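In: coords please:
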Amino acid sequence: MGNRRDFLQSTLLAAGAATGAAAGSAATAATPASAPGALAGAATGTHHGPMTRRWMEQRWLLDNVIRANGIDWDQPRSVLYNAPCGPEANADFAAIRARVQKYADISPAFEAAARRREAIAREAESAGNPVWARENFFIAAILWAASQWTFETNSEHNLANNTRKRECYLAYARLADHRVEAAFVTLPGGQRLPGWFHLPPGYTGGRIPAVVSIPGMDGFKEGSVAMYGDRWLSRGIAVLVVEGPGQYEAAVNNIHVSVPAWQATGRATMDWMLARPEIDPARVGIVGSSFGSMFSTIACSAESRFKAIAVANTCLEPGCHTIFEEASPTFKMRFMYMSGITDEAQFDRFRRDITWEGHVDNLRCPYLCIGGEADELSPLEHTERMMKTMRGPKQLLIYADARHAVGGVPSANLGPSPSAYAADWMSARLSGKPFASERWFIEPSGRVVKTAY
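Out: Here you go, the predicted structure:
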């Protein structure tokens, strides 16, 4: 019973009688230290998976919603996973969307596509075609990572897919058109956060600006830097993308989410950056998307050496009631895994501490926030209140009619491009250029209405 799919097939009825207590066992196995791409310190021992009341009660409804609306029933994840791969992967994701008819189909669909791409990559490398090999290794890594999305235990299955992901991404790194290195950021106490460090194509030396990039709850480090035309690298900005406490491979290694852990992450990532001879210590920013907006805000509030911070697709509701109690039940299940807490009542007490309150008062560096007017996971009122609380220079962009994943609406299509604007904004801040503290409302026509803070 290594993942939720197996768990549900065998114990759903029993779980209902257990009143939401964690059930089932997850046999775990450490990733062998000698295996290619193995992550030092991989989790050992048993981790029992979470279970929530809403998951048990709404499981049938979730499958019906997926059958009616597809794999992107709540967020455009397949689109976001497809984007860094480029058009070559379009057919893979189209096939995955067609195959997924219920929640249990998700991991097998991604795994089948990943195996195919990995086989193509190895054949291409053997044939002496390094460009074709690297493209397929990259796509395979993204697909293997996406297959882990539905796991909420450190099962043998999860660990095996994690190893395949790392092997493929390391193979891509060997062949990439720019320098890519495996990175490990050490926290107090010795835990190591996994990441990847990227230098821009054509880098020949000298100190350059950089960003620490924090993915969202369902994001992962492999998909945070595009294979070609990445928005940061294209602007001459190096990237350290890190899976912080609770995120993806950190959770695999039993590094759990908490506010103190994310405060420590802010300091540790900056220390890591400043130890690199390629990085200008006066030009380091931090960026975060979705739940990464909360995490990066907390991290930056504890580390004054960051030059600027930019967040988008916000999760800034203190205590996170909406995303965990009103949105898809998968979010709460995933975050419970990230926290290492399997009891729902205990988790509900824990989540009250996930907040920017009492932290952003310390922020003085420039802050950019991009959000949707109709964000269904984190109501806009919480973002507005946080921005008013902050004392430093700040800019808030709100896109009319946009939901949590800002895009796909006229305001985002006709107004400033959210991703391009954030990259240009950060580049300007790392260069020391001034800006006005303003709230921008982007109307459906693309017209920008500006109000001074």
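In: return the helix or strand in this structure with minimum mean pLDDT.
Out: helix 4-17 (a mean of 36; mean pLDDT, DSSP states H and E).
In: which is the next helix or strand following it?
Out: Next helix or strand after helix 4-17 toward the C-terminus (DSSP states H and E): helix 53-69.
In: list the helices and strands that following helix packs on?
Out: Packing partners of helix 53-69 (3 or more Cβ pairs under 8 Å, 6 or more residues apart in numbering; DSSP states H and E): helix 4-17, helix 329-339. All C-beta spots, glycine's among them, are computed from the backbone N, C-alpha and C.
In: how far away from the center of its chain is that helix?
Out: 24 Å (Cα atoms, centre = their mean, to the nearest Å).
In: check stretch 146-154 too.
Out: On Cα atoms, centre = their mean, the centre of stretch 146-154 falls 13 Å from that of its chain.
In: go on, stretch 134-153?
Out: Going by Cα atoms, centre = their mean, where stretch 134-153 is centred and where its chain is centred differ by 13 Å.
In: same thing with stretch 392-401?
Out: 21 Å.
In: and the strands in the stretch 351-453 of the chain, which stretches?
Out: Secondary structure of the stretch 351-453 of the chain by DSSP state E, counting those that start in this stretch: the strands cover 367-372, 394-399, 438-442, 448-452.
In: give me whichever of those strands is most buried.
Out: strand 367-372 (a mean of 25; mean count of other Cβ atoms under 10 Å).
In: by contact count, what packs against it?
Out: strand 309-312, helix 380-389, strand 394-399, helix 418-430.
In: with mean pLDDT added, can I get the ones you listed in CSV?
Out: Formatted as CSV, the helices and strands packed on strand 367-372 follow (pLDDT from 0 to 100):
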stretch, mean pLDDT
strand 309-312, 98
helix 380-389, 97
strand 394-399, 98
helix 418-430, 98
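In: okay, the ones you listed in CSV with distance to residue 370 next?
Out: Supplementary listing: these in CSV, determined by distance: least, Cβ to Cβ, whole Å:
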stretch, distance to residue 370
strand 309-312, 4
helix 380-389, 10
strand 394-399, 5
helix 418-430, 5
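In: pick the most deeply packed of the ones you listed.
Out: The most buried one of the helices and strands packed on strand 367-372 (mean count of other Cβ under 10 Å) is strand 309-312, showing a mean of 26.
In: helices or strands next to that one in the packing?
Out: Under the contact rule (3+ Cβ pairs under 8 Å, 6+ apart), strand 309-312 is packed against strand 279-289, helix 291-301, strand 367-372, helix 418-430.
In: and these as JSON lines, adding distance to residue 135?
Out: Formatted as JSON lines, those follow (distance: least, Cβ to Cβ, whole Å):
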{"stretch": "strand 279-289", "distance to residue 135": "24"}
{"stretch": "helix 291-301", "distance to residue 135": "26"}
{"stretch": "strand 367-372", "distance to residue 135": "30"}
{"stretch": "helix 418-430", "distance to residue 135": "22"}
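In: which stretch among those comes nearest residue 235?
Out: The closest of the helices and strands packed on strand 309-312 to residue 235 is helix 418-430. By Cβ to Cβ, the value is 4.9 Å.
In: what is the orientation angle of the closest one with strand 438-442?
Out: 160 degrees (axes from the mean of the first three to the mean of the last three Cα atoms, to 10 degrees).
In: how about the CA coordinates for helix 418-430, as PDB?
Out: The C-alpha trace of helix 418-430 is given here as PDB (Å, rounded to 0.1, in the frame of the first residue of the first chain):
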ATOM      1  CA  PRO A 418       2.400  38.300 -15.400                       C
ATOM      2  CA  SER A 419       5.600  36.100 -15.700                       C
ATOM      3  CA  ALA A 420       7.400  38.600 -18.000                       C
ATOM      4  CA  TYR A 421       6.500  41.500 -15.800                       C
ATOM      5  CA  ALA A 422       7.800  39.700 -12.700                       C
ATOM      6  CA  ALA A 423      11.100  38.800 -14.400                       C
ATOM      7  CA  ASP A 424      11.700  42.400 -15.600                       C
ATOM      8  CA  TRP A 425      10.600  43.800 -12.200                       C
ATOM      9  CA  MET A 426      13.100  41.600 -10.400                       C
ATOM     10  CA  SER A 427      15.900  42.300 -12.900                       C
ATOM     11  CA  ALA A 428      15.300  46.100 -12.400                       C
ATOM     12  CA  ARG A 429      15.400  45.700  -8.600                       C
ATOM     13  CA  LEU A 430      18.600  43.600  -8.700                       C
END
